[in-house]
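Asks: No letters, just coordinates:
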């Protein structure tokens, strides 16, 4: 299904970025076949993840193993997105996250893959700004894509945040609910972007955005188009 979806997106003129999670593969052969199938369609970018299941069937348990695998050498995938966590990870220490990111970036450099860091979504603009500043300082060669929740209801945002382990800023979301009517209304990430801008007004290099639309991609695109027109380029990045 993923291969067919990626091929269709490419035919429509979009850049397909398949998500490859190590713990979802039952064997290395399964991973090899999937990469080869995407290469057959000319897919050039992919997001490499460890995956969530604590118990998994195959020998692949972390994204670094996917990046280091020999199949990528002869594949069409030349851009590798790797994960970042502005608010940390619920089951991985900060030191382990930092070490894993360095290893992944080193692997990409050794294999001539363009590495780009894309973050989990969060709702604390100050924390996101601090994380982006730190990553650009430590890894200046890697582009940073800041994860933002798209336009959707507050109740849905809280549910997805709990599912994805976005803990520290859930409390702020719940406080903003106020009442039933406010909880049912759509929320946009303008306050997050404004807090980021206030705390990191002149990034070392451009910050890119990666929206998690949660089904509301049309509303998110419409809102962002209007927001870009209302704001200066310095505020909205790319």
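Replies: In hand now; what should we look at? Keep in mind that this is a model prediction, so the values were computed, not measured. Residues are numbered from 1 along each chain as shown.
Asks: contacts for the helix or strand hosting residue 66?
Replies: Assessed by DSSP states H and E, residue 66 sits inside helix 63-68. Helix 63-68 is contacted from outside by 20-22, 31, 48-50, 60, 72, 80, 82-83, 100, 103-104, 107-108, 111, 113, using CB atoms under 8 Å, 6 or more residues apart in numbering. Placement of C-beta: from N, CA and C, glycine included.
Asks: What mean pLDDT does stretch 10-24 get?
Replies: Stretch 10-24 shows a mean pLDDT of 96.
Asks: ok, and for stretch 56-68, which residues are buried?
Replies: Residues 56, 60, 62-68 are the ones in stretch 56-68 that count as buried (16 or more other CB atoms under 10 Å).
Asks: now, among those, which is nearest to residue 44?
Replies: Distance to residue 44 across those (CB to CB) is lowest for residue 67, with 15.2 Å.
Asks: about what we covered before: out of the contacts of helix 63-68, name the ones that lie in helices.
Replies: The helices, defined by DSSP state H, take in 31, 100, 103-104, 107-108 from the contacts of helix 63-68.
Asks: which of those residues are buried?
Replies: 31, 100, 103-104, 107-108.
Asks: got those residues as a markdown table, with distance to residue 165 and pLDDT columns?
Replies: Shown next, in a markdown table, are those (distance: CB to CB, whole Å; pLDDT from 0 to 100):
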| residue | distance to residue 165 | pLDDT |
| --- | --- | --- |
| 31 | 24 | 97 |
| 100 | 16 | 96 |
| 103 | 21 | 97 |
| 104 | 19 | 98 |
| 107 | 25 | 98 |
| 108 | 25 | 98 |
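Asks: With distance to residue 11 added, can I get these in TSV?
Replies: Output for those, formatted as TSV (distance: CB to CB, whole Å):
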residue	distance to residue 11
31	25
100	35
103	36
104	31
107	31
108	28
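Asks: Could you dump the buried residues of stretch 56-68 into a markdown table with distance to residue 208 and pLDDT added?
Replies: Below are the buried residues of stretch 56-68 laid out as a markdown table (distance: CB to CB, whole Å; pLDDT from 0 to 100):
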| residue | distance to residue 208 | pLDDT |
| --- | --- | --- |
| 56 | 31 | 84 |
| 60 | 28 | 94 |
| 62 | 25 | 95 |
| 63 | 20 | 97 |
| 64 | 23 | 97 |
| 65 | 26 | 97 |
| 66 | 22 | 98 |
| 67 | 20 | 98 |
| 68 | 25 | 98 |
